[in-house]
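A.B. asks: the following block contains a protein sequence and its predicted model.
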Amino acid sequence: MEFVSVTRDAGLLTIAIDRPQGHNSLNRALRLELRKAFEEAAEQCVVKPETGPTGSGDATADPGPVRAVLLKGGKKVFCTGQDLKEHLTEMTEPSAMDKVDTEYNPMIAALAAIPVPVVAAVNGAAAGAGWSLALNCDFRIAAASASFKAAFPSIGLATDCGISYLLPQLVGPAQALQLLYDDQPIKSARALELGLVTQVVDGDDADEAAEAFARKLASGPTGSYREIKALVKDASAMLAIADRESGAQKRLVVTEDHKEAVDAFLNKRAPEFTGR
């Protein structure tokens, strides 16, 4: 894969987003690669039948199932959401937001289908769908310099990837609306106060702490963790909201406010919204 790397060390599988030239923004290739990585991670969590001396497999070569997953962004940025330059080229097509149904939601469904603990290491900005990705993980270890931003109102769009379900679950509906409407960066210290992150690490790099936490989970009672996660997290409810988000995006992508917001962003100026 071009923008995603996957490494395996015993029971820990690490998925790293690596598109620094686009600030780890989600172009089509990256969305598809993440979906593939999440699907393959879920497959590797399956406990395989043991193979004895007469079996066809080599039990000594089998590393066993994946017992925890670590999702990392870059050293300077986690993920900045939709690649707006790519999006601008697609806006002339009536099917511009079909990608929510065909790419974004399947990507998130694949992440939600991973049955073992998933830890996100967040350095720098997690914005838009990048914040949604982080919230879809079970735990978030953030660097002190990390920040979280919805970015949806800023470009005249609705939420995506289930964040409108996940955020109220963590902070309540009123606080979720305020955070989404204000659309200001939430620094890691404030995110910890709100319960949006599990831990904040001093400095700019949370990778080491996140990996240590993920390794601890990978050495724990995996069967218990799987069952508890399935009971605590309601993936079907999140995906149902993600489907509703898709409808909202399709209605908003054709508005004048959205077109104005994208043009303003790319030309580094403040947008002038008219409500149309």
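C.D. replies: Structure's in. What do you need? Numbers count the residues shown, from 1 in each chain.
A.B. asks: and the strands in the stretch 51-200 of the chain?
C.D. replies: 68-72, 77-79, 118-122, 125-127, 139-143, 147-149, 186-187, 199-201 (DSSP state E, counting those that start in this stretch).
A.B. asks: helices or strands up against the least confident helix or strand in the chain by mean pLDDT?
C.D. replies: Lowest by mean pLDDT, DSSP states H and E among the helices and strands of the chain is helix 84-90, with a mean of 82. When contacts are defined as 3 or more Cβ pairs under 8 Å, 6 or more residues apart in numbering; DSSP states H and E, helix 84-90 packs onto helix 256-266. C-beta here means a position set from N, CA and C on the backbone, and glycine is covered the same way.
A.B. asks: and with 10 Å instead?
C.D. replies: helix 28-44, helix 98-99, helix 256-266 (3 or more Cβ pairs under 10 Å, 6 or more residues apart in numbering; DSSP states H and E).
A.B. asks: low-scoring stretches of the stretch 151-276 of the chain, by residue?
C.D. replies: Nowhere does the stretch 151-276 of the chain drop to pLDDT under 70.
A.B. asks: redo the strands of the stretch 51-200 of the chain as JSON lines? Include distance to residue 12 and mean neighbour count.
C.D. replies: Output for the strands of the stretch 51-200 of the chain, formatted as JSON lines (distance: least, Cβ to Cβ, whole Å; neighbours: other Cβ atoms under 10 Å):
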{"stretch": "strand 68-72", "distance to residue 12": "5", "mean neighbour count": "27"}
{"stretch": "strand 77-79", "distance to residue 12": "19", "mean neighbour count": "27"}
{"stretch": "strand 118-122", "distance to residue 12": "9", "mean neighbour count": "29"}
{"stretch": "strand 125-127", "distance to residue 12": "22", "mean neighbour count": "28"}
{"stretch": "strand 139-143", "distance to residue 12": "14", "mean neighbour count": "26"}
{"stretch": "strand 147-149", "distance to residue 12": "25", "mean neighbour count": "23"}
{"stretch": "strand 186-187", "distance to residue 12": "28", "mean neighbour count": "18"}
{"stretch": "strand 199-201", "distance to residue 12": "17", "mean neighbour count": "20"}
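A.B. asks: quick one on the thing from earlier: the helices and strands packed on helix 84-90: which one's closest to residue 130?
C.D. replies: Comparing the helices and strands packed on helix 84-90 by their distance to residue 130 (Cβ to Cβ), the top pick is helix 28-44, with 10.7 Å.
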